[in-house]
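Undergrad: Fold the following, please.
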Amino acid sequence: MRILNNKITISLLLLFSISFSGWTDGSVEQWINDLKGDDAQARVHARQMLPLMGVDVIPSLFPLMQHPDFAVHKSVNDVLFCLINEACVPGREKDRRLATDYLMELLEPDKDDSLKTAGMKLLALAIPPKYDLKPLAKCLDNPKLQETARYALQRIGSPKACEDLRRALRQRQKKDGDPAFTCALMNSLGDLRDEKSLKIIAKFAECDNPAILSAAALALSWSGDPEFTPLMWKAIEKAADTPEAKASALDALVRHADAMSEKEELHANAIEIYEKILHRDYSAHTCAALAGLGKIGGADNVQPLLNALISDNYRVQASAASALANLQGSEAEQKILSLFESAPDEMKVLLSPILGARHDAAAFPLLAKTAQSEEWPLRLTALEALGELGHPDGLPLISQAIAKPGADNEIGMKAIARLAERLHEEKDAAQAGKAYALLLQHSAETGARQRALEGIAANPTPEAFDIIMQAAADEALKEQSLPALAAVAIALANAGQKDKTLQAFEKIAAMKPSAQTMQQLANRLRAQGLSVATAGMMGFVLHWKAIGPFPIKDGQGWDVDIIGEANADASRPVKFENRSLEWKPIQANDETGVVNLIPSLGSCEQCIAYAYAEITVLKNEDAVLKLGVDDSEKIWLNGELVFSQFAARPLQVDQDSVPVKLKAGNNSILMKIYQNNLGWEFCLRLMALDGSILAFAQSAE
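TA: Numbering: from 1, shown residues only. Take a look at the predicted model:
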């Protein structure tokens with residue numbers, strides 16, 4: 001075998017060598033010619049092959065970088081990008097430096113501007129750390145190339161690149177022309193967060209050009225240094241009549257304050273800026289200032305936020321509400337509550353959702369009182385707030401609203417759904433279960449009822465039993481009812497309500513759950529110390545007749561027909577070695593479904609017993625017999641052998657699965673069970689092909 005494998009390997013290698021040599025047939029010169037030729041297929045082949053040749057092919061591509069044919073031009077760029085990307089892979093530092101050396105040739109004085117522009121774009125991808133950037137930085141002095149050079153240096157972002165950008169910006173302080181490029185340089189240094197450039201940029205505060213002032217403010221804003229705050233305000237003042245520059249300056253001011261808010265010792269500085277912004281009509285920037293106050297503000301900022309809350313601008317109003325909801329500290333909480341209590345109704349309508357969103361239990365008495373108001377806007381907003389607040393004492397108040405028609409009912413349903421979610425989030429399972437049960441009882445919407453059942457499954461409570469039993473009759477809710485009812489059955493067992501537990505279990509069995517669901521539920525009930533006859537509900541065949549034992553040695557009698565298996569008659573005795581053996585009624589364990597043969601047939605080793613049962617189904621059925629046997633079994637269905645397994649093994653429920661076809665009416669099952677030693681038992685149950693429990697009837701006689 002090893003020799004054969006070696007021959008195959010050698011053959012494959014030879015074949016690959018031949019194929020690869022044919023594929024790579026050609027030279028760099030030929031592929032360069034193909035790249036600029038008219039044959040599109042040859043160009044594609046060259047485009048694929050040239051990147052395999054390594055970085056030394058780069059200079060050969062330079063003459064084609066200005067080719068007038070777009071297809072050629074694009075192919076050249078694609079090859080160069082591939083070569084550069086491969087050279088930048090970790091571990092290929094030598095190739096990366098060599099590629100950079102080649103690309104630097106494009107910046108030589110004798111090259112035209114278009115080649116220099118293309119070279120700078122490629123260099124931004126290739127240059128390794130600590131590489132000398134002088135040829136690239138020199139292009140900052142060329143008006144035609146400076147923007148590409150600036151962008152390339154920003155992309156590189158190394159300390160040397162920042163140094164060159166700073167140098168160019170210093171030179172701009174001495175020039176009055178081209179303010180746009182001055183702004184661009186500051187933007188680059190700001191984006192790179194170059195600390196060494198801060199003082200250089202700050203010197204532009206003496207300038208009166210609105211665009212330059214705004215760009216300087218923006219480039220300084222990331223630092224959050226209070227020293228630069230006057231420059232921010234000056235930029236806004238100078239840009240008053242220049243909308244674009246004004247917007248940029250305001251952005252800078254907000255970012256400046258936000259950077260301060262990240263440092264606790266500068267919170268007061270940031271709050272001062274946020275409040276000044278609120279006193280001016282800065283539209284979207286007002287919303288940003290409100291958000292900033294909500295993040296770091298306190299009790300002293302409540303009133304300015306309330307003033308914004310009554311704004312005619314919806315966005316400002318929403319931002320103020322969010323900020324009030326986010327304010328931290330007990331002092332802020334007490335001030336909001338105090339203002340709510342004395343506020344006019346119009347303000348209470350606005351403040352109620354905020355009190356709910358703060359999730360502070362101290363707000364409950366005020367919201368509870370407001371929820372009973374005769375004024376419907378007050379009442380409804382308070383109900384919604386009670387749902388968001390998540391206080392369990394809100395449940396009776398919302399229940400009253402649900403009982404009312406119209407808007408109260410609609411808002412009440414939303415409130416109870418949210419209250420249930422909040423109680424679940426707070427891990428108050430008992431109260432959450434009650435809230436979900438109330439939602440299930442009163443909601444007419446299928447989606448809401450399904451969510452309620454899912455909530456009950458996660459937060460089971462005995463009080464939910466009756467309403468779930470009703471919901472289980474709804475086919476649209478069946479999928480969610482099963483796990484909810486199973487969870488509530490456990491809760492009932494824990495509460496000692498045995499009768500309802502059994503009712504729940506019987507209802508679950510009638511809903512044709514999966515055998516796994518029933519098994520898990522039965523195990524959990526038994527773990528709670530509740531003894532219930534679960535076996536029948538799980539599809540186990542309970543009533544059998546057994547006969548034996550019939551000794552065999554070393555398994556040699558396993559294939560011997562002892563009782564006429566195909567035509568076995570459990571109503572007649574069996575003669576065996578001058579003995580007459582009678583069939584004996586035998587019963588499976590009510591909880592486990594397991595039949596123990598030893599009490600009826602006696603203990604023995606290396607022997608056989610037979611077990612016989614009859615079941616009735618209403619129609620022809622495809623089914624699965626799920627078997628567990630200690631030790632081995634054969635099984636006949638209606639006189640036909642359908643399964644045989646000979647092995648010494650302990651019993652495991654459902655260890656063997658046998659697909660069968662049941663006929664409408666009576667079906668006979670005969671099992672031949674081998675005993676090696678120790679335990680001697682079996683179990684059998686019937687399941688549908690989809691994994692649910694198959695309904696059948698069986699007489700105890």
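
Undergrad: any idea of the mean pLDDT in whichever strand or helix holds Arg43?
TA: Per DSSP states H and E, Arg43 falls inside helix 40-49. Mean pLDDT, helix 40-49: 92.

Undergrad: who's in contact with that helix?
TA: Outside of helix 40-49, the residues within contact range by Cβ atoms under 8 Å, 6 or more residues apart in numbering are 24, 26, 30-32, 34-35, 37, 71-72, 75, 78-79. Placement of C-beta: from N, CA and C, glycine included.

Undergrad: Closest one to Lys478 out of these, please.
TA: Asp78 (58.1 Å; Cβ to Cβ).

Undergrad: Please narrow the contacts of helix 40-49 to those residing in helices.
TA: Using DSSP state H, Gln30, Trp31, Ile32, Asp34, Leu35, Ala71, Val72, Ser75, Asp78, Val79 are the members of the contacts of helix 40-49 that sit in helices.

Undergrad: Make a ChimeraX selection of whichever of those turn out to be buried.
TA: Buried residues among those (16 or more other Cβ atoms under 10 Å), as a ChimeraX selection:
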select :31,32,34,35,72,75,79
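
Undergrad: which one of the ones in helices among the contacts of helix 40-49 is nearest Leu477?
TA: Each of the ones in helices among the contacts of helix 40-49 was scored against Leu477 by Cβ to Cβ, and Asp78 proved nearest at 58.5 Å.

Undergrad: about what we covered before: how far away from the center of its chain is the helix holding Arg43?
TA: 44 Å (Cα atoms, centre = their mean, to the nearest Å).

Undergrad: how near is the spatially most central residue of the chain to Phe364?
TA: The centroid of the chain falls nearest to Glu425 when counting by Cα atoms, centre = their mean (17.8 Å). Plainly put, Glu425 is 17 Å away from Phe364 if you go by Cβ to Cβ, to the nearest Å.

Undergrad: what do you get for Lys295?
TA: Separation of Lys295 from Phe364 (Cβ to Cβ) stands at 26 Å.

Undergrad: Who has more neighbours out of the two?
TA: Each of Lys295 and Phe364 has its neighbours counted (other Cβ atoms under 10 Å); Phe364 has more, 20 against 17.

Undergrad: Spell out which helix or strand contains the more buried one, please.
TA: Using DSSP H and E, Phe364 falls in helix 364-370.

Undergrad: tell me the mean pLDDT for that helix?
TA: Mean predicted lDDT for helix 364-370 stands at 96.

Undergrad: Name the next helix or strand downstream of it, please.
TA: Going down the chain from helix 364-370, the next helix or strand is helix 376-389, by DSSP H and E.

Undergrad: which parts of stretch 131-140 are buried?
TA: Tyr131, Leu133, Pro135, Leu136, Ala137, Cys139, Leu140.

Undergrad: Okay, and which of those residues map to strands?
TA: Among those, no residue falls in strands (DSSP state E).

Undergrad: Assign Ile586 to helix, strand or coil.
TA: strand (DSSP: H, G, I helix; E, B strand; the rest coil).

Undergrad: Could you do Val658 as well?
TA: Assigned by three-state DSSP, the conformation of Val658 is strand.

Undergrad: That one pairs with what?
TA: Val658 forms beta bridges with Leu625, as assigned by DSSP bridges.

Undergrad: Would you agree it is in contact with Gly628?
TA: No: taking Cβ atoms under 8 Å as the definition, Val658 is not a contact partner of Gly628, at 12.0 Å.

Undergrad: higher neighbour count, these two?
TA: Gly628 (21 against 16).

Undergrad: Name all residues that make contact with the more buried one.
TA: Contacts for Gly628 (Cβ under 8 Å, 6+ apart) come out as Val594, Leu651, Gln652, Val653, Asp654, Gln655, Asp656, Phe682, Cys683, Leu684.

Undergrad: Among these, which one has the most neighbours?
TA: Counting by other Cβ under 10 Å, top hit in the contacts of Gly628: Leu684 with 28 neighbours.

Undergrad: where's it relative to Asp561, distance?
TA: Using Cβ to Cβ, Leu684 is found at 21 Å from Asp561.

Undergrad: swap in Gly679?
TA: The gap separating Gly679 from Asp561 is 26 Å, by Cβ to Cβ.

Undergrad: Below-threshold pLDDT in the chain: ranges please.
TA: Counting by pLDDT under 70, the chain contains low-confidence residues at 1-26, 175-177, 281-282, 514-516, 531-533, 555, 700-701.

Undergrad: residue boundaries of the strands in it?
TA: For the chain, the strands defined by DSSP E cover 543-551, 574-576, 579-581, 584-587, 595-596, 607-617, 621-630, 632-637, 640-645, 656-662, 665-675, 681-688.

Undergrad: can you list these in TSV and add distance to Leu220?
TA: Output for the strands of the chain, formatted as TSV (distance: least, Cβ to Cβ, whole Å):
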stretch	distance to Leu220
strand 543-551	89
strand 574-576	102
strand 579-581	102
strand 584-587	88
strand 595-596	85
strand 607-617	84
strand 621-630	75
strand 632-637	84
strand 640-645	82
strand 656-662	74
strand 665-675	87
strand 681-688	73
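
Undergrad: For the helix holding Phe364, list every residue counted as buried.
TA: Phe364, Leu366, Leu367, Ala368, Thr370.

Undergrad: hmm, who's touching it?
TA: Helix 364-370 has contacts (Cβ under 8 Å, 6+ apart) with 337, 340-341, 348, 352, 355-356, 378-379, 381-382, 385-386, 389, 391, 393-394, 397.

Undergrad: can you tell me how far the nearest residue to Ala471 once chain neighbours are set aside sits from Ser603?
TA: Counting by Cβ to Cβ, 6 or more residues apart in numbering, Leu477 is the residue found nearest to Ala471 once chain neighbours are left out, at 4.9 Å. Look at Leu477 and Ser603: by Cβ to Cβ, they are 51 Å apart.

Undergrad: Who has more neighbours out of the two?
TA: When Leu477 and Ser603 are compared for neighbours, Leu477 comes out ahead with 20 against 14, by other Cβ under 10 Å.

Undergrad: if I look at that one, how far off is Glu421?
TA: For Leu477, the distance to Glu421 - Cβ to Cβ - is 19 Å.

Undergrad: Please apply the same query to Lys619.
TA: Distance of Lys619 to Glu421, computed by Cβ to Cβ: 45 Å.

Undergrad: which one of the two has more residues nearby?
TA: Glu421 (18 against 8).

Undergrad: ok now do the more buried one, which residues does it touch?
TA: By Cβ under 8 Å, 6+ apart, Glu421 lies in contact with Gly455.

Undergrad: re the thing from before, just curious, which of the ones in helices among the contacts of helix 40-49 is nearest to Asn567?
TA: Nearest to Asn567 among the ones in helices among the contacts of helix 40-49, with distances taken as Cβ to Cβ, is Asp78, at 80.9 Å.

Undergrad: Against Cys88, how distant is that closest one?
TA: Taking Cβ to Cβ as the measure, Asp78 falls 16 Å from Cys88.

Undergrad: what's the answer for Asn589, then?
TA: In terms of Cβ to Cβ, Asn589 sits 71 Å off from Cys88.

Undergrad: again, but for Phe465
TA: Distance from Phe465 to Cys88, by Cβ to Cβ: 67 Å.

Undergrad: Next one: Glu582 from Ala570, what distance?
TA: For Glu582, the distance to Ala570 equals 10 Å [Cβ to Cβ].

Undergrad: I meant Met232, not that one.
TA: According to Cβ to Cβ, Met232 and Ala570 sit 98 Å apart.

Undergrad: neighbour count winner among those two?
TA: Met232 (26 against 19).

Undergrad: if we can go back for a sec, now distance to Leu266 too, for the buried residues of stretch 131-140, in JSON lines please.
TA: What follows is the buried residues of stretch 131-140, written out as JSON lines (distance: Cβ to Cβ, whole Å):
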{"residue": "Tyr131", "distance to Leu266": "38"}
{"residue": "Leu133", "distance to Leu266": "36"}
{"residue": "Pro135", "distance to Leu266": "42"}
{"residue": "Leu136", "distance to Leu266": "38"}
{"residue": "Ala137", "distance to Leu266": "36"}
{"residue": "Cys139", "distance to Leu266": "40"}
{"residue": "Leu140", "distance to Leu266": "35"}
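
Undergrad: All set now, cheers.
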